[in-house]
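**Q** no FASTA, just this:
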């Protein structure tokens, strides 16, 4: 967390995010191995670091990272660049696989084809969001968070602990955890206003 | 559906990060099926997760990792070509092999998928009496340290005043109830932290049905409910 390991910072630029999305689309459309190798080079080590936070051993982290990347290959046809950025989609694959393997259960999710799904029919909801631009904005906002806010966001994604456990860990009151989180999320989402 | 009460942002963030118990995930995903607003929020929080993944540390993979994965993929596609792909199984088939009754399931998929296969709607639930005017159906297949159950409360009946040793989340599926926090209708979620005491009352002429998950046993206030607690397992 204090930047001792390889801390290669990916540039927060929408071109880069679009490139990742194009590679996934190429894997889906033509089983493009070169595109997959590029995705693997970028996301593989990042997914491994994510898995290491939960699995605790290099071996397990490596195995889970390889398996996540296999799912990227297998599920590429399900990737919709209008619904999620590449990094978001790969994050959810890694998260679900982690829960599946380490907790031995499924992460319960909304089924997009569920007949009981209620759709927002307001005109604003129809506007297409550019997911790659959005991902770049969130990433830029993340880079600008003060350290105390960034830590609580990081713990929320990289540890399976509740907010009261975060409070214990950081030796700060629960209310402080919640207010730091709210501030951080506000900033990360705030950059999105008016982006379509 | 006019939803007024949602899970807190912290709960939605924990859902996106994969830090909730399965019982809490069930309540959140069932609510999200009915609530486009919370689906949007969770999508944004997942994008935050993606950004974290992108900017955070990386750990070098084994030097032969890509070769290994490609070999597995080759193997897999060879196997796939060798066997006839079975037609995709329909998710739920009505008893007797034909679709009878309502074609549209009334239960959102996250909830339906954790109920026994013969339960297709709220009418099919084999309720068990828990207390006068209160019936329940525990969901046994969900992983939790607390409890997760469907609760059916008769009009005018109140659940004994209680606080929580942990997080409690309730999703209203039918009818309504009122408590110290406000009035809850179908689709609404009461997302209560561990420091809140409340005493919900079903307040309309129809039964109130809700899905309720806790991460720790509830703590009842008052002597009689305390005596009942070991028996009713709440």
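**A** Cool, got the structure. In this text the structure is predicted, and so the values were computed from the model without any measurement.
**Q** tally of neighbours for residue 73?
**A** I went with chain A, as the question did not name one. 21 (other CB atoms under 10 Å in any protein chain shown). C-beta coordinates here come from the backbone N, C-alpha and C atoms, glycine included.
**Q** not quite, I wanted chain B
**A** Residues near residue B:73, counting by other CB under 10 Å, number 17.
**Q** show the pLDDT at it.
**A** As predicted, residue B:73 sits at a pLDDT of 91.
**Q** and residue A:169, which of the three is it?
**A** Secondary structure, DSSP: H, G, I helix; E, B strand; the rest coil: residue A:169 is helix.
**Q** so it makes contact with residue A:161?
**A** Yes - using CB atoms under 8 Å, residue A:169 makes contact with residue A:161 at a distance of 7.2 Å.
**Q** return every residue with contacts to both of these two.
**A** Common contact partners of residue A:169 and residue A:161 (CB atoms under 8 Å, 6 or more residues apart in numbering or on different chains): residue A:155.
**Q** residues in contact with residue 33?
**A** No chain in the question, so chain A it is. residue B:70.
**Q** hm, I was asking about chain B
**A** A:110-111, A:114, A:116-118, B:108-110.
**Q** what's the burial count for residue A:95?
**A** 22.
**Q** who's in contact with whatever helix or strand it lives in?
**A** In this assignment (DSSP states H and E), residue A:95 forms part of helix A:86-102. Identification of contacts with helix A:86-102 by CB under 8 Å, 6+ apart yields A:17, A:20-21, A:23-24, A:39, A:43, A:47, A:50-51, A:54-55, A:64-65, A:67-68, A:71-72, A:75, A:79, A:84, A:105-107, A:109, A:131-132, A:135, B:17-18, B:43, B:46-47, B:49-54.
**Q** next one: the residue of chain B most remote from its centre, what pLDDT does it get?
**A** What lies farthest from the middle of chain B is residue B:63; by CA atoms, centre = their mean that is 41.7 Å. pLDDT, residue B:63: 95.
**Q** okay, now the domains of chain A?
**A** Following automatic domain parsing, one finds the domains of chain A at A:11-108, A:145-196.
**Q** what's the least confident stretch among these?
**A** domain A:145-196 - the lowest mean pLDDT of the domains of chain A, at a mean of 85.
**Q** for it, the distance to its chain's centre please.
**A** 15 Å (CA atoms, centre = their mean, to the nearest Å).
**Q** still on that earlier bit, pull out the buried positions in the helix holding residue A:95.
**A** Under the neighbour-count criterion of 16 or more other CB atoms under 10 Å in any protein chain shown, helix A:86-102 has A:86-99, A:101 buried.
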